[in-house]
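Everything below, folded, please.
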Amino acid sequence: MTQNSENEHNTTEGGNSEQRDTDNIVRALGKSAVVIFLGTFLELGISLITKLIIAQQLVPANYGEVSIGLTILLVTSIVSQLGFDTGIPRTIPRYEGSDRRGVFISAFQLNAIISLILAGFVFIAAGFIADLLGNPALKSVLRVVAFGVPAMPLMRLAISSTQSVGRSVPKVIVQNLLHPITRVIIIGVTILLGATPVTVAGAYVVTNWIGAVAACYFLVRHTRILNANIGWTPKHREILKYSLPLMATTGLTFILGNTDTLMIQYFRGSAEVGVYDIGYTIAQTLPFGLASLSYLFLPNISNLHADGEWSQITHLYKLVSKWVVFVTVPPFLLISCFPSILISHTFGTEYLNGAPYLVILAISYFVMAVTGPNQRALSAFGDTRAIFLVNALAAGVNITLNYFLLILIGTLGAAIASSVSLIIVQLLYSYRLYTIYNISPFSWALMKPIGTFVIVTITTYAIVRMTIGLPSLLGIIPVLMFAGILYTIIIIVFGGIQEDDIMLVRSAEQSLGINLEPLKRIARRFM
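Presented below is the predicted three-dimensional model:
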């Protein structure tokens with residue numbers, strides 16, 4: 001099916017049906033996005049508080065040891081997921097009955113086998129890994145971490161399974177609320193009893209298992225995974241065929257996301273890892289809009305792709321991408337303009353050297369947001385080979401750049417290498433989407449308001465820096481309030497709000513129980 005203009009939806013009865021389908025998806029995205037957005041915002045806030053507490057109680061070297069342990073925990077979790085966290089939401093909508101239950105059971109069986117093998121490997125090889133990274137103290141941390149290896153993939157697969165049947169609340173309750181809240185509580189108790197890298201790592205392991213158990217509760221509640229009455233058809237081969245390229249891709253994604261941390265540990269030591277991780281942690285909060293607004297994007301787009309509804313896919317991609325950018329621009333400009341103030345007033349002056357790392361890494365995560373849910377779209381289209389090749393290329397670039405730049409300019413080089421690699425991934429994903437599927441995130445409804453706001457912000461910032469200098473923390477607050485009002489006005493006046501956006505807002509109103517009719521009336525005057 002060729003891609004047609006969105007206006008053609010209204011020319012036939014079939015077109016009207018397509019429009020109704022699109023409207024229903026937009027409403028569903030709006031309702032879920034509000035819930036996921038608030039949940040993700042709370043999760044990131046609590047996670048930052050947790051990292052802040054740990055960083056203030058441990059010296060940078062010990063904080064770096066915790067970061068290395070959590071990095072190893074992350075990579076084993078990613079590998080043991082086998083790509084199923086993406087494969088399940090894409091695959092489940094295409095099956096019913098025993099076949100659908102078979103996908104669930106097959107995925108969890110394979111995950112359990114791999115995660116237990118990796119857990120045993122990390123425990124046995126802890127001493128070797130610690131010596132390889134040049135810090136024998138890591139041995140005890142890694143052995144504790146090994147007990148948490150099966151928990152995180154179990155939690156993520158269970159949440160992905162509820163996502164595949166259109167449930168967004170379990171993710172909010174478990175991943176966004178329960179998991180981070182219990183983590184900060186348990187880590188707080190650990191600190192009161194005397195925090196060490198080993199006990200902090202243990203706190204993470206305990207909270208991961210709490211999250212896994214809670215996620216499994218919702219899995220049983222919202223799916224038929226334990227309903228023996230409908231039987232199940234083994235789907236190991238089918239799900240592996242789709243997910244194995246994603247597993248390889250997730251392994252490469254680990255290289256992209258964690259090569260810098262491990263190589264800094266090898267070349268510069270744990271103290272540098274601790275400082276770098278602060279910038280990395282803050283920068284990673286930027287894609288929260290992407291995660292929130294595209295949570296149900298994959299299963300919906302997968303359904304549309306199966307029906308060949310390309311015009312709806314293109315329309316929804318632009319809509320989701322626009323709001324991702326709208327949400328991401330303000331925090332990106334805040335981080336870019338005031339990195340030193342953010343770090344010094346949160347994590348402390350001993351981590352102030354992480355400010356340039358924060359800005360450099362933030363640029364790459366901003367590019368990720370601007371290009372939209374490109375990897376999710378390619379996954380929905382089954383284009384996993386392209387995803388793998390892009391990540392393979394970027395991983396090679398990342399390792400090479402990290403090695404040479406770390407030697408030449410130190411930890412700053414690691415930040416540059418990681419940022420460049422991540423930008424390469426996003427640009428190549430977007431190039432693939434545009435050249436093969438004729439899908440682009442850009443529209444005038446996005447470009448005009450964002451371009452105007454960025455120009456105004458940069459000009460104002462330059463004038464303030466040249467005349468007044470860098471403002472204090474208290475001085476930033478009124479600036480942010482004014483910028484927020486100006487941002488809203490620019491989005492409305494320059495055509496950022498269209499009819500579908502009104503529908504999204506209406507869904508948000510229903511979810512939150514509020515009335516934004518005055519803003520909607522103003523927006524309609526400029527549509």
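
Can you give the distance of the host helix or strand of residue 385 from its chain's centre?
Assigned by DSSP states H and E, residue 385 belongs to helix 384-409. Mean-position distance between helix 384-409 and its chain equals 20 Å (C-alpha atoms, centre = their mean, to the nearest Å).

could you give the mean pLDDT of it?
Computed over helix 384-409, the mean pLDDT rounds to 90.

Tell me the first helix or strand C-terminal of it.
Using DSSP H and E, the helix or strand that follows helix 384-409 in sequence is helix 411-437.

Just the buried residues of that following helix, please?
Under the neighbour-count criterion of 16 or more other C-beta atoms under 10 Å, helix 411-437 has 411-426, 428-430, 432-433, 437 buried. Bear in mind the C-beta positions are built from the backbone N, C-alpha and C, glycine included.

and what of stretch 456-472?
For stretch 456-472, using 16+ other C-beta under 10 Å, the buried residues are 457, 461, 471.

give me the low-pLDDT residue ranges for the stretch 201-350 of the chain?
For the stretch 201-350 of the chain, the stretches flagged by pLDDT under 70 are 224-229, 231, 242-247, 250, 254, 294-299.

In it, what residue spans correspond to helices?
236-267, 270-283, 288-293, 297-306, 310-337, 339-344 (DSSP state H, counting those that start in this stretch).

what inclination does the fifth one have with respect to helix 297-306?
Note on geometry: by axes from the mean of the first three to the mean of the last three C-alpha atoms, to 10 degrees, helix 310-337 and helix 297-306 are set 150 degrees apart in direction.

picking up where we left off before, out of the buried residues of stretch 456-472, which are inside helices?
With DSSP state H as the criterion, helices contain 457, 461 from among the buried residues of stretch 456-472.

Looking at the buried residues of stretch 456-472, which is nearest residue 181?
residue 471 (33.4 Å; C-beta to C-beta).

Look up how far residue 340 lies from the closest one.
Computed as C-beta to C-beta, to the nearest Å, the residue 471 to residue 340 distance reads 12 Å.

Might one say that residue 453 is in contact with residue 485?
No. Residue 453 is beyond contact range of residue 485, at 11.7 Å (criterion: C-beta atoms under 8 Å).

So these two - more neighbours on which side?
Here residue 453 and residue 485 are compared on neighbour count by other C-beta atoms under 10 Å; more neighbours surround residue 453, at 23 against 10.

Now do the one helix or strand the more buried one maps to, average pLDDT.
Counting by DSSP H and E, the element that carries residue 453 is helix 444-467. What helix 444-467 shows for mean pLDDT is 86.

In terms of secondary structure, what does it contact?
With contacts taken as 3 or more C-beta pairs under 8 Å, 6 or more residues apart in numbering; DSSP states H and E, helix 444-467 sits against helix 310-337, helix 473-493.

Give me whichever of those is most buried.
Compared across the helices and strands packed on helix 444-467, helix 310-337 shows the largest average neighbour count, a mean of 22 (mean count of other C-beta atoms under 10 Å).

and that helix with helix 444-467, angle?
10 degrees.

which helices and strands sit right next to helix 310-337?
Applying 3+ C-beta pairs under 8 Å, 6+ apart, we find helix 310-337 packed against helix 13-57, helix 288-293, helix 297-306, helix 355-370, helix 444-467, helix 473-493, helix 499-512.

re the thing from before, for the helices and strands packed on helix 444-467, give me CSV that also has distance to residue 155.
CSV is the format used below for the helices and strands packed on helix 444-467 (distance: least, C-beta to C-beta, whole Å):
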stretch, distance to residue 155
helix 310-337, 25
helix 473-493, 35
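
so which of those gets nearest residue 142?
Proximity to residue 142 (C-beta to C-beta) singles out helix 310-337 among the helices and strands packed on helix 444-467, at 31.9 Å.

That closest one to helix 411-437, inter-axis angle?
Relative orientation of helix 310-337 versus helix 411-437 (the same axes, to 10 degrees): 160 degrees.

Could you tell me how far helix 310-337 lies from the centre of the chain?
Put simply, helix 310-337 sits 14 Å off its chain's centre (C-alpha atoms, centre = their mean).

same question, stretch 364-372
Distance of stretch 364-372 from the chain centroid (C-alpha atoms, centre = their mean) equals 11 Å.

so for it, what's the average pLDDT?
Model confidence over stretch 364-372 averages 90 on the pLDDT scale.

now residue 80: how far from residue 178?
According to C-beta to C-beta, residue 80 stands 22 Å off from residue 178.

Apologies, that question was intended for residue 469.
Distance of residue 469 to residue 178, given as C-beta to C-beta: 44 Å.

Please apply the same query to residue 492.
37 Å.

Please name the residues that touch the spatially most central residue of the chain.
Closest to where the C-alpha atoms of the chain average out (C-alpha atoms, centre = their mean) is residue 291, at 5.0 Å. Neighbouring residues of residue 291 by C-beta atoms under 8 Å, 6 or more residues apart in numbering: 36, 40.

mind redoing it with 10 Å?
Counting by C-beta atoms under 10 Å, 6 or more residues apart in numbering, residue 291 makes contact with 36, 37, 39, 40, 43, 44, 171, 176, 324, 369, 373.

CSV for these, including distance to residue 255?
CSV is the format used below for those (distance: C-beta to C-beta, whole Å):
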residue, distance to residue 255
36, 28
37, 30
39, 29
40, 25
43, 25
44, 24
171, 26
176, 27
324, 25
369, 22
373, 22
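
my guess is residue 258 contacts residue 418, does it?
Yes. Taking contacts as C-beta atoms under 10 Å, residue 258 lies within contact range of residue 418: 9.1 Å.

residues bridging contact with those two, i.e. touching both?
Joint contacts of residue 258 and residue 418 (C-beta under 10 Å, 6+ apart) are 280, 398.

Quick check: closest non-adjacent residue to residue 414.
Once flanking residues are discounted, residue 414 sits nearest to residue 260: 4.0 Å by C-beta to C-beta, 6 or more residues apart in numbering.

distance between the helix holding residue 453 and the chain's centre?
26 Å.

do the same with stretch 128-139
Chain-centre distance of stretch 128-139: 30 Å, with C-alpha atoms, centre = their mean.

Over to stretch 199-211?
Distance, stretch centre to chain centre, for stretch 199-211: 21 Å (C-alpha atoms, centre = their mean).

about what we covered before: have a look at residue 80 and residue 178 and say which one is more surrounded.
Between residue 80 and residue 178, residue 80 has the larger neighbour count (other C-beta under 10 Å), namely 27 against 18.

and the gap between that one and residue 212?
The gap separating residue 80 from residue 212 is 12 Å, by C-beta to C-beta.
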